[in-house]
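# structure for the following, please:
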Amino acid sequence: MKKKFAAKKLTWAATSAVVVLALTACGSGTQKLEDVDYDMKGATAEPSVGFETPFAATGNQTHIIEDGSGDQVNEGDALVLNASVFSGADGKSQGSTYTSSPLIIEVNDQLKENAPEIYDVVSQAKVGTSFSYTTNTTMGQDGTKSTSSPGSATNVEVYTISQKLPSSVEGEQKDLGADKPKFTLEGNKATLTLPENKGDEPKEVVTDDLITGNGETVNEGDTVYARYIGVTWNDGKVFDQNYDAAPAAFQLNKDSLVEGWVEGLTGKKVGSRVMVTIPTDKAYGENAKENQMPEGPLVFVVDILGRSDAPAATETQSAPAETGEASSAPAQSETPQPEESK
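Next up is the predicted model:
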């Protein structure tokens, strides 16, 4: 059995590009983020911080820890962020994406509305920039905001912009012929149509490069950033897609994905658009219906926008999983869950 991979609606709501901090327990005093000691560890592992506890903000604060030297961030970009959260009450780590998968946020009006201070930082930053953020405001599950009393401890969050993802892959798309599914993309509207004479059900995983990229090679275990669409072989109905949303982040391993995804994408290049046809036994299996998953063989088209190395410690999350406990296709990665300090 696999874990459910739905994103946690906690301190970060990455699926909607909202970055919101949770408050911790009460203390006294007021600190500033520039007074915190940061050890970023080269942005390759969870950073460490040092500050007098409790750390108590009286509003929203951001602080640039290190300026990046990579590409300039522009409006509309999708960014890959590594993030760590530290309790303002005792300074202990409450979670980090360095042991799972990074966050993806889009630099857009939604981010500007929900987290204006973070929008102001990332919209003017370059890839590689690290910054911290704290707030004395928390958002409830119903979307209502509340402000902590003066002196309440507030978490310190540390972010690094590790990548800027392209909006789509580039290149001339190959025509696979009349007996193959047809994929079109107009703006953010993707269509995947099966041929009338599609032949017998597939018995093995088949991959076709619609566009062959020239980026890094994707390896099993990598975190992959992608847009995709999936249809059922039997009736051609779309059961999931994210071309009109932020890219998905998922770990390419058999603990969290259907076997056909791992087999079909391993060895492909970043920048590729890949059609993956998956037989039933390497999709959701014979028990798909009772597990409320799409039945039978499946056909996906996947735009591989980026990759990063496998995390130091893997937590299963996001993407097509093998049982009814998982989402039917790549969802957003889980986010660290700060515990409420006592």
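# how many neighbours does the residue nearest to Lys41 when sequence neighbours are not counted have?
Once flanking residues are discounted, Lys41 sits nearest to Pro47: 5.7 Å by CB to CB, 6 or more residues apart in numbering. Just so you know, the C-beta spots here come from the backbone N, C-alpha and C atoms, and that holds for glycine as well. Other residues lying near Pro47 total 23 when counted by other CB atoms under 10 Å.
# give the contact list for Pro47.
By CB atoms under 8 Å, 6 or more residues apart in numbering, Pro47 lies in contact with 38-41, 84, 130, 158.
# and if we set it to 6 Å?
In this structure, Pro47 makes contact with 39-41, 84, 158, judged by CB atoms under 6 Å, 6 or more residues apart in numbering.
# same thing with Ser48?
Contacts of Ser48 by CB under 6 Å, 6+ apart are Asp39.
# grab the most central residue of the chain for me.
Ala249 (3.7 Å; CA atoms, centre = their mean).
# mind checking how far Gln251 is from Asp240?
For Gln251, the distance to Asp240 equals 18 Å [CB to CB, to the nearest Å].
# what about these two, which has more around it?
Under the criterion of other CB under 10 Å, the comparison of Gln251 against Asp240 puts Gln251 first, with 24 against 18.
# count of neighbours near Asp208?
If you count neighbours by other CB under 10 Å, Asp208 ends up with 17.
# mind listing the strands for the stretch 1-150 of the chain?
Remark: strands assigned in the stretch 1-150 of the chain by DSSP state E, counting those that start in this stretch are 12-13, 18-19, 23-26, 37-39, 48-50, 61-66, 78-86, 93-96, 103-106, 130-134, 137-139, 145-147.
# which helix or strand contains the closest residue to Phe239 other than its chain neighbours?
Sequence neighbours aside, Pro294 is the residue nearest to Phe239 in space, at 4.5 Å (criterion: CB to CB, 6+ apart). If you go by DSSP states H and E, Pro294 is not part of any helix or strand.
# so how far is Asp179 from the residue lying farthest from the centre of the chain?
In the chain, Asn197 marks the outermost C-alpha relative to the chain mean, sitting 36.8 Å out by CA atoms, centre = their mean. The gap separating Asn197 from Asp179 is 7 Å, by CB to CB.
# equivalent analysis for Leu252, please.
Using CB to CB, one gets 29 Å for the distance from Leu252 to Asp179.
# more neighbours: which of these two?
Ranked by neighbour count (other CB under 10 Å), Leu252 and Asp179 place Leu252 first, with 23 against 10.
# ok, and what's touching stretch 183-200?
Residues contacting stretch 183-200 (CB under 6 Å, 6+ apart): 179, 181-182, 229, 231, 236, 241, 243-244, 301.
# the residue nearest to Glu286 when sequence neighbours are not counted: neighbour count?
Residue nearest to Glu286 in three dimensions, not counting chain neighbours: Thr280, with 6.8 Å by CB to CB, 6+ apart. Thr280: 19 surrounding residues under other CB under 10 Å.
# contact partners for Glu34?
For Glu34, the contact set (CB under 6 Å, 6+ apart) comprises His63.
# next one: Glu66
Contacts of Glu66 by CB under 6 Å, 6+ apart are Ser130.
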